[in-house]
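> what's the 3D shape of this:
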Amino acid sequence: MSRKYKGFSTPISDGSHIIIIIIIINKKFKYLNVANLSVMENGGQKEGGGGFQEDKDICKLKRYKLFLKFGAKPVNVAYPLPLASFLAFSLSNSGILEFLLSYIFCFFFFTAANLWNHLNDAEDDARDGRKHATFLINRRKEATIFSILFYFLSASILLFSKDSISIPLFLICALLTWIYSDKQLFGKKFKRLKEDYRTELLTYLIVTPGFPALLWTFFAPFSTTALVFSLIFASLYLSGVLLKDLKDITSD
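Modelled structure (predicted):
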C-alpha cells in the first residue's frame, strides 16, 4: 500500500534548491551495494577475499540501507518524490521548514508502510522468483521492528502539525496501511485487506484523501481548500492505480 490555497504566489525559486537536494539524496539510494542484494538472493553467502561470508556478518548499517531502499518502493508523489510536499508548500505560502517537516514525515511513514508491505509479501515474492525476497524472510523480526519504529517516528513529527485533526487522520492511515499488508498478526486469522478487491478499494478510498489531508496540516490548519487539495490528489492517485491494474490485466 496511505495529499491551501492562495495560488502560486510563492516564487518557485524559493524551494527549487530543496528539490535539487532531495533529488540528489534519492539518487543516492540507486547506488546502494548491489552485491549485497545478490548475496541475500543466493542464500546469504558471498564469495570474496579468502572465501564465503555469511549474511549474518553483513553489518547492520548495510542492512538498514536495504530496509530504506525497500521503503522507497514503489515510487509515489509523496515519497521518494517530494511533489506533494512541494505543491502544498507552494500553494500555502509556507516556509521551507514546513516543507522539510512534511517531507521528513513522508519519509518515515512511507518507509514504514512500504517495508511492512514488502515484508508480508516476501514469501509470495520468493515463490514468484522475485529478487531479494529471501533477505526479508531471513530478517523478518528485524524488519518488523524497523517498520514499527518508523511508524512511531512519523507519529512524533505530528508535534509540528498545525491542526489537531492530524492525530485521528494519522491513526486511520497508519492502522489501515498496517492491516492492509499484515500477514503475521491479524492476517493469520482474517483475510488481508489487500486480498479482497472490496476491502482493498475501501482502503484506497479512505487513505488516498486522508493522507494528503494529513500532510496539509504541516502547512496550515485544515480548511475547505485543504479538502479540495486532498480530493484532487486522491483522484490522481486512484487514476494511476486503475491504469496500472488495467495494464496488468491487459498484459495477462
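> burial count for residue 123?
15 (other Cβ atoms under 10 Å). For the C-beta atoms, the positions are set from N, CA and C on the backbone; glycine is no exception.
> now it: which helix or strand?
Using DSSP states H and E, residue 123 sits within helix 96-127.
> residues of that helix that come out buried?
98-122, 125-126 (16 or more other Cβ atoms under 10 Å).
> what packs against that helix?
helix 13-29, helix 60-71, helix 83-92, helix 133-138, helix 140-156, helix 166-181, helix 197-216 (3 or more Cβ pairs under 8 Å, 6 or more residues apart in numbering; DSSP states H and E).
> mind doing that once more with 6 Å?
helix 60-71, helix 83-92, helix 133-138, helix 140-156, helix 166-181 (3 or more Cβ pairs under 6 Å, 6 or more residues apart in numbering; DSSP states H and E).
> ranking these by burial, who's on top?
Greatest average neighbour count among those goes to helix 83-92 (a mean of 22), per mean count of other Cβ atoms under 10 Å.
> which strands and helices lie in contact with that helix?
helix 96-127.
> can you rerun that using 8 Å?
helix 13-29, helix 96-127, helix 197-216, helix 224-251.
> for the first one, what does the pLDDT average out to?
It stands for helix 13-29. Mean pLDDT, helix 13-29: 44.
> pass me the low-pLDDT residue ranges in this structure, would you?
1-58, 245, 247-252 (pLDDT under 70).
> leaving out chain neighbours, which residue sits closest to the residue most central in space within it?
For the chain, the residue nearest the mean C-alpha position is residue 110 (2.1 Å; Cα atoms, centre = their mean). What sits nearest to residue 110 in space, not counting adjacent residues and going by Cβ to Cβ, 6 or more residues apart in numbering, is residue 79, at 4.0 Å.
> residue 222 should be in a helix, yeah?
No: using DSSP: H, G, I helix; E, B strand; the rest coil, the secondary structure at residue 222 is coil, not a helix.
> list the contacts for it?
Shown in contact with residue 222 (Cβ atoms under 8 Å, 6 or more residues apart in numbering): 163, 165, 213, 216.
> now, among those, which is nearest to residue 235?
Nearest to residue 235 among these: residue 213, at 13.6 Å, using Cβ to Cβ.
> for the residue lying closest to the closest one once chain neighbours are set aside, give its distance to residue 205.
Spatial nearest neighbour of residue 213, excluding adjacent residues (Cβ to Cβ, 6+ apart): residue 230 at 4.2 Å. For residue 230, the distance to residue 205 equals 12 Å [Cβ to Cβ, to the nearest Å].
> the more surrounded of the two?
Per other Cβ under 10 Å, whichever of residue 230 and residue 205 has more neighbours is residue 230, with 23 against 12.
> my guess is that one contacts residue 209. True?
Yes: here residue 230 reaches residue 209: they are 4.4 Å apart, a contact under Cβ atoms under 8 Å.
> switch the contacts of residue 222 over to TSV; also include neighbour count.
Below are these laid out as TSV (neighbours: other Cβ atoms under 10 Å):
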residue	neighbour count
163	18
165	16
213	22
216	32
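> wait, what's in contact with the residue nearest to residue 118 when sequence neighbours are not counted?
Nearest non-adjacent residue to residue 118, counting by Cβ to Cβ, 6+ apart: residue 70, 4.8 Å away. The contact partners of residue 70, by Cβ under 8 Å, 6+ apart, come to 114-115, 118-119, 132, 136.
> tally of neighbours for residue 215?
27.
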